[in-house]
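the sequence and its predicted three-dimensional model are supplied below.
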Amino acid sequence: MKTIGVLTSGGDAPGMNAAVRAVVRTCCANNIKVFAIKRGYAGLISGQLEQADVNSVSDILYKGGTALGSARCKEFQSEDGMQKAIETCRKNGIEGLVVIGGDGSFRGASALSERGLPCVGVPATIDNDIACSDYTIGYDTCLNTVMDMVDKISDTAKSHDRCTVVEVMGRDAGFLTLNAGIAVGATAIVVPEIKVHVKEHIISHIENSREKGKKHFIIMIAEGVGGVEALAEYIEEKTGIESRASILGHVQRGGSPTVRDRVLASEMGYSAVKLLMQGMGNRVVAIKKDEIVNYDIYEALNMKKTIDQAFYNMAHEISI
Ligand code: ADP
């Protein structure tokens, strides 16, 4: 393989830049020409790309977001759009592509592989919802950001003997909410994967904690469960505890990646290029039990990952 392209696609995640840097540097070290493609599949369709070298990625390792830009691109999902993307690769001699993104981006990568352009996916999403991988790039940074923010919220909740209902990102996945909830000592945690009667669950945990002498409460709710404003009102009405809602929002996506995300991104970016060098396409890189592995994209997309009930129960048992 003489020429490789790299792009970031879908939702941005801290550490995407570190992955791009690893891809470019691995290519350079192995005398492979590498193109940085802007704005995900949209840039691949419109031909927004430039050749990258060792120096063009020299100041991005520690930066949040994605310097290449990302986009959600509907046109790419049509045959016409896909052919345009393939044409861009053909014109520039690109023989393999590294796609840094989430499940949606991997579906695109798989479609391109089917059409003769070998692609390797690198999982990057703050939600950690890629089933084949124990961790995704961006998840650890986001977890730490959520923990820092909720620690600060706790300072004020404690000062006023208040209850704060915090909404954490994650429409379908509750990994962030549960793990951050454990890290901040939340009184109750609600995630989409585990069905509970939300109001009863929260009130019973608050009452139980109150009986044991607790005066301030943090309730962690995943975005997919929602309704934090109404829940805060309900808690105040039912318990008499002054309650507030706090939606953390987009601040959760940003920031400089943690050590863990930088190292993971570097390993995964490196591994993706090595797979392409061996002529392997339609693969996704993953980490399993601290080891970098890879799977067929179809196989990976069909895997399921869910929250462990015992882990969830533990979170509640150790919170008072
Ligand atoms: P993520 O990669 O974070 O899951 P999206 O689901 O938005 O984000 O997907 C990113 C992009 O991948 C989409 O904008 C689209 O261009 C492409 N994509 C998503 N699903 C498919 C699919 N089934 N076939 C081809 N391309 C897809």
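Great, that's in hand. Since the model is a prediction, treat every value here as computed from it, not as a measurement.

and residue 28, how many neighbours?
17 (other CB atoms under 10 Å). (Glycine included, C-beta is placed from N, CA and C.)

quick one, grab the pLDDT at it.
Per-residue confidence (pLDDT) for residue 28: 98.

CA-only coordinates of the host helix or strand of it in PDB, if you can.
Element membership for residue 28 (DSSP states H and E) is helix 16-29. Extracted C-alpha coordinates of helix 16-29, given in PDB (Å, rounded to 0.1, in the frame of the first residue of the first chain):
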ATOM      1  CA  MET A  16      -9.300  12.100  17.700                       C
ATOM      2  CA  ASN A  17      -6.400  14.300  17.000                       C
ATOM      3  CA  ALA A  18      -4.000  12.000  18.700                       C
ATOM      4  CA  ALA A  19      -5.300   9.100  16.500                       C
ATOM      5  CA  VAL A  20      -4.900  11.200  13.300                       C
ATOM      6  CA  ARG A  21      -1.300  12.100  14.400                       C
ATOM      7  CA  ALA A  22      -0.500   8.400  15.000                       C
ATOM      8  CA  VAL A  23      -1.900   7.400  11.600                       C
ATOM      9  CA  VAL A  24       0.100  10.100   9.800                       C
ATOM     10  CA  ARG A  25       3.300   9.400  11.700                       C
ATOM     11  CA  THR A  26       3.000   5.600  11.200                       C
ATOM     12  CA  CYS A  27       2.600   6.200   7.500                       C
ATOM     13  CA  CYS A  28       5.600   8.600   7.400                       C
ATOM     14  CA  ALA A  29       7.700   6.000   9.300                       C
END
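
other residues contacting that helix?
Applying CB atoms under 8 Å, 6 or more residues apart in numbering, the external contacts of helix 16-29 come out as 4, 6, 8, 32-34, 36, 52-54, 56-57, 60-68, 70, 98, 100, 122, 124, 137-138, 257, 261-262, 265-270, 272-274.

and it, how far out from the chain's middle?
Remark: helix 16-29 is offset 19 Å from the chain centroid, using CA atoms, centre = their mean, to the nearest Å.
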